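J.: no sequence for this one, just the structure:
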């Protein structure tokens, strides 16, 4: 991969150049795979996740799931930053309460994560959210941006997760964050592609409007996009590119692209890996002339203990259930995160 700024080429332990030291921070995303509480919520399709439901979901399982999620999150980004991820987008959470329980876990409590969350119209009753450490990030405003889906063939409406938009300052620097969980491939990749294109267009329109005000706006778009970096929703609609070279004003940079082409992924299906979980940035993060925080490195958090070690799904992400069987794993997705550097 070719980069347009020098410190991307440095080894992990080298954060000084001609005597200049750098701050390090990380921003990540994690699909928590059905983080539901045990309560029956009206107008939410949570029947499977009730004590009397198909999965026999109960307090013991819920507590274990929370602990497992917190254990993973507590380790993200700590190789270079002891505080771990400063910002973490999450998906597949039922409500704000499950996030409040998550940030209260012993593994995370000392970081004092705060929450941005809105209930979405998703038919499954799952939302996205943003966790942030106040010592790094101060939110200035947020809103849920709807993804309006209307089947071009039938005219029927479909309801999916909103895009969470949060504006704030990251160590005093203006940053814009979007967290999404784009429509799934249910019904087939080709037949559902128009829905992910619609979600991508919402993100693109918002990014373009921000860049009209500030061409160097620092924007992060992250989520479970249900498409790989080389799919049209990313390349043609969002215009997320593989290289930073000659990046146009209306384009974004996808540092996960090379990860995917090298065979890395975040979820497995039919013995092959997809990289649906991505963190994409605007040109302002990869142009050292803008100063401030600059992208250093993209990571998929792949640890042996996050993968199944036996059975038909050996080597796949170690998830909470296989079918109806509780196996007390983590998630069917691996988390991803980016490191950023800034001169002190």
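T.: Alright, I've got the coordinates. This is a predicted model, so every value here is computed, not measured.
J.: quick one: the helices in the stretch 51-200 of the chain, in order.
T.: With DSSP state H, counting those that start in this stretch as the criterion, the stretch 51-200 of the chain has helices at 59-75, 96-103, 189-213.
J.: next, format the ones you listed as TSV and append mean pLDDT and mean neighbour count.
T.: (Glycine included, C-beta is placed from N, CA and C.) Putting these into TSV (pLDDT from 0 to 100; neighbours: other CB atoms under 10 Å) gives the following:
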stretch	mean pLDDT	mean neighbour count
helix 59-75	98	18
helix 96-103	98	18
helix 189-213	96	17
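J.: hmm, residue 93 is touching residue 127, no?
T.: Yes: here residue 93 reaches residue 127: they are 5.5 Å apart, a contact under CB atoms under 8 Å.
J.: what's the overlap in contacts for the two?
T.: Taking CB atoms under 8 Å, 6 or more residues apart in numbering as the contact rule, residue 93 and residue 127 both touch residue 117.
J.: pull the number of nearby residues for the closest residue to residue 157 other than its chain neighbours.
T.: Nearest residue to residue 157 in three dimensions, chain neighbours excluded: residue 150, at 5.7 Å (CB to CB, 6 or more residues apart in numbering). Residue 150 is flanked by 12 other residues according to other CB atoms under 10 Å.
J.: contacts only, for residue 150.
T.: Residue 150 neighbours (CB under 8 Å, 6+ apart): 156, 157, 158.
J.: beta partners of the last one?
T.: Read it as residue 158. Beta-bridge partners of residue 158, counted by DSSP bridges, are residue 149.
J.: residue numbering should commence at 686 henceforth.
T.: That works, and once the first residue is 686, the last one we named lands at residue 843.
J.: distance of it relative to residue 831?
T.: Residue 843 sits 12 Å away from residue 831, going by CB to CB, to the nearest Å.
J.: counting by contacts, list what the helix or strand where residue 945 lies packs against.
T.: Applying DSSP states H and E as the criterion places residue 945 in helix 942-946. Applying 3 or more CB pairs under 8 Å, 6 or more residues apart in numbering; DSSP states H and E, we find helix 942-946 packed against strand 979-985.
J.: please consider this matter closed, and thank you.
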